[in-house]
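Novice: Sequence and predicted structure below; questions after.
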Amino acid sequence: MDYLSQLRIIAKNSGGIINNKIAAEHGISDRIPFEHTITAPSGKVSSKAIQEECKIYYIKPELFGLGKTMLTTLRNKVAGYDLERTICDIVRSRNKVGSETFLAALKMYAASPKKDLNKLNTYATEMKIAGIIRKYLEVLL
C-alpha cells in the first residue's frame, strides 16, 4: 500500500484531516514529512492504532470544518484543507514547524497566483491570527 493510501485510510478511520503532504500539494512546501499528522475535532477519540501511527492535533470543533476540501493526490481522494487554511495552520504552528519551513511557505503563498487574500483574512480572523499573518505578508506583498 502506498503512502497516500495509508494516509487516506488513517484519516477516514480517525475522522480527521491529513496535514502532512497537503502543503506540498498546494505548492507551498517541498519538504517530506517525517511523521503522519492529522487534525481532528477536540472531543473526538481516535483508536489506539491511529494514535500510535499519527501525531494528532486537536482543534475546536467550530474551526475543524473551516477550509475543508477534498484533494486528489496520485488518484487518491483525501480530506484536507484548502490553501488559505493550510497557511493559517502553518502560522499557528510556526514554532513547531521551524522558521525555515514557515517562512518558505509564506513566501511561496505570496508568490502564488492562486492566493485569495480575502479568504485568508477571513480564516485568520476566525482563528485569531490575523495580526500575525498581516505582519508577515505586509513585507512579502
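Specialist: Cool, the structure landed. Note that the coordinates shown come from a computational prediction; the quantities given were computed from them, not determined experimentally. Numbering: from 1, shown residues only.
Novice: how far is the host helix or strand of residue 139 from where the chain is centred?
Specialist: For residue 139, the host element (DSSP states H and E) is helix 130-140. Averaging C-alpha positions (Cα atoms, centre = their mean, to the nearest Å) puts helix 130-140 18 Å from its chain's average.
Novice: go on, stretch 84-94?
Specialist: That offset, for stretch 84-94, works out to 6 Å (Cα atoms, centre = their mean).
Novice: which stretches of the protein form strands?
Specialist: For the chain, the strands defined by DSSP state E cover 17-18, 36-41, 54-59, 68-73, 76-81.
Novice: Can you name every helix or strand that the helix holding residue 139 contacts?
Specialist: Counting by 3 or more Cβ pairs under 8 Å, 6 or more residues apart in numbering; DSSP states H and E, the packing neighbours recorded for helix 130-140 are helix 83-92, helix 99-111, helix 117-126. Just so you know, the C-beta spots here come from the backbone N, C-alpha and C atoms, and that holds for glycine as well.
Novice: Which one of the ones you listed lies nearest to residue 64?
Specialist: Closest to residue 64 of the helices and strands packed on helix 130-140 is helix 83-92 (Cβ to Cβ; 10.5 Å).
Novice: Burial check on residue 103, number of neighbours?
Specialist: Residues contacting residue 103 under the criterion other Cβ atoms under 10 Å number 14.
Novice: I'd like the distance between the closest residue to residue 61 other than its chain neighbours and residue 85.
Specialist: Leaving aside its chain neighbours, residue 61 sits nearest to residue 41 (4.2 Å; criterion: Cβ to Cβ, 6 or more residues apart in numbering). Look at residue 41 and residue 85: by Cβ to Cβ, to the nearest Å, they are 14 Å apart.
Novice: With neighbour numbers in mind, choose between those two.
Specialist: Neighbour totals were compared for residue 41 and residue 85, and residue 85 leads with 26 against 16 (other Cβ under 10 Å).
Novice: Could you pull up the residues touching that one?
Specialist: Neighbour list for residue 85: 66-68, 123 [criterion: Cβ atoms under 8 Å, 6 or more residues apart in numbering].
Novice: returning to what we had before: would TSV of the strands of the chain with mean pLDDT be doable?
Specialist: Formatted as TSV, those follow (pLDDT from 0 to 100):
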stretch	mean pLDDT
strand 17-18	58
strand 36-41	76
strand 54-59	79
strand 68-73	77
strand 76-81	75
